[in-house]
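Peer 1: Sequence and predicted structure, then a few things I'm wondering about:
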Amino acid sequence: MSALFEENAFIIAAADRDDCVVVDPGLEPDKIIAEVHALGRTPAAILNTHGHADHIAGNAALKAEWPDIPLVIGRGDAAKLTDATANLSAGFGLPVTSPPADRQVDEGDVLEIAGVAWTVWDTPGHSSGHVAFVALELQPHLVLGGDVLFAGSIGRSDFPDSDSAALFASIREKLFSLPDDAIVLAGHGPATTIGREKRTNPFVGERR
């Protein structure tokens, strides 16, 4: 987790494998690299749910450590990787860029990485090219959700390419189509489940 933005980065690994996937490496890549080595794993890919700086700042360091690992992001946000204005870091006075994507993904693509099949879902709203990576073969399903749905909250929609209507649609029409026990690993804050957010989320839940 980045102390500045409290952004969550994840290392996902199957118990019976020696590889892993790194999700949204933020502003403290040294900690991520050290943890991957401590686990005795080798990254098979870096997945970026979107291109905002707090989710991509560690890409360069991980690519320097493991040059052959592919960097994957949704097609609509790929340009943010190399543009400090578009990824919002320039506005904070801390311009951040990333290596370009090795693969740009689209809705419905399935990535077989580190023993898990991740289906790409377009989930725009927080950013125009935001995607979620959903492990539909796992029980319960696992969602790498980025900055769309949080425990008790939702992603911001006041950035230049944000869209509040699209954000609500991404949650209600896509994420809420998953079973209630599906686990959401969000870009900020604790993990949650689809059922919990349907029942209690003050922005998109049943009581809204």
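Peer 2: That came through, no problem. If you're wondering where the values come from, they're calculated on a predicted model, not measured in any experiment.

Peer 1: all helices for the chain, in order.
Peer 2: Here the chain has its helices, by DSSP state H, at 29-39, 53-56, 59-65, 164-169, 194-200.

Peer 1: Tell me which of those sits most buried.
Peer 2: Per residue and on average, the most neighbours among the helices of the chain fall to helix 53-56, with a mean of 28 (mean count of other CB atoms under 10 Å). (C-beta placed from N, C-alpha, C; glycine too.)

Peer 1: Would you mark the buried spots in stretch 113-129?
Peer 2: 113-114, 116, 118-129 (16 or more other CB atoms under 10 Å).

Peer 1: Please identify which of those is nearest to H188.
Peer 2: Using CB to CB, H126 is the member of the buried residues of stretch 113-129 that lies nearest H188, at 10.9 Å.

Peer 1: confidence score at the closest one?
Peer 2: Note for H126: predicted pLDDT of 98.

Peer 1: Cross the buried residues of stretch 113-129 against strands and list the overlap.
Peer 2: 113, 116, 118-122 (DSSP state E).

Peer 1: Looking at those residues, point me to the pair that's furthest apart.
Peer 2: It's V116 and D122 that sit farthest apart of these, by CB to CB, at 19.7 Å.

Peer 1: any low-confidence regions in the protein?
Peer 2: 1-5 (pLDDT under 70).

Peer 1: could you pull out the strands for it?
Peer 2: Counting by DSSP E, the strands of the chain are 10-12, 19-23, 42-48, 71-74, 103-105, 110-113, 116-122, 131-135, 142-146, 149-150, 153-154, 183-186, 192-193.

Peer 1: neighbouring contacts of the last one?
Peer 2: So the one you mean is strand 192-193. Contacts to strand 192-193, defined as CB atoms under 8 Å, 6 or more residues apart in numbering, come from residues 140, 149-152, 180-184, 186.

Peer 1: ditto for the fourth one
Peer 2: Strand 71-74 is contacted from outside by 45-51, 56, 59, 63, 81, 98-106, 111, 120, 122, 129-131, using CB under 8 Å, 6+ apart.

Peer 1: ditto for the fifth one
Peer 2: Defining contact as CB under 8 Å, 6+ apart, one finds that strand 103-105 is touched by 70-75, 78, 111, 120, 131.

Peer 1: rewinding a little: of the contacts of strand 71-74, which qualify as buried by neighbour count?
Peer 2: Neighbour counting over those (16+ other CB under 10 Å) leaves 45-51, 56, 59, 63, 81, 98-99, 101, 104-105, 111, 120, 122, 129-131 as the buried ones.
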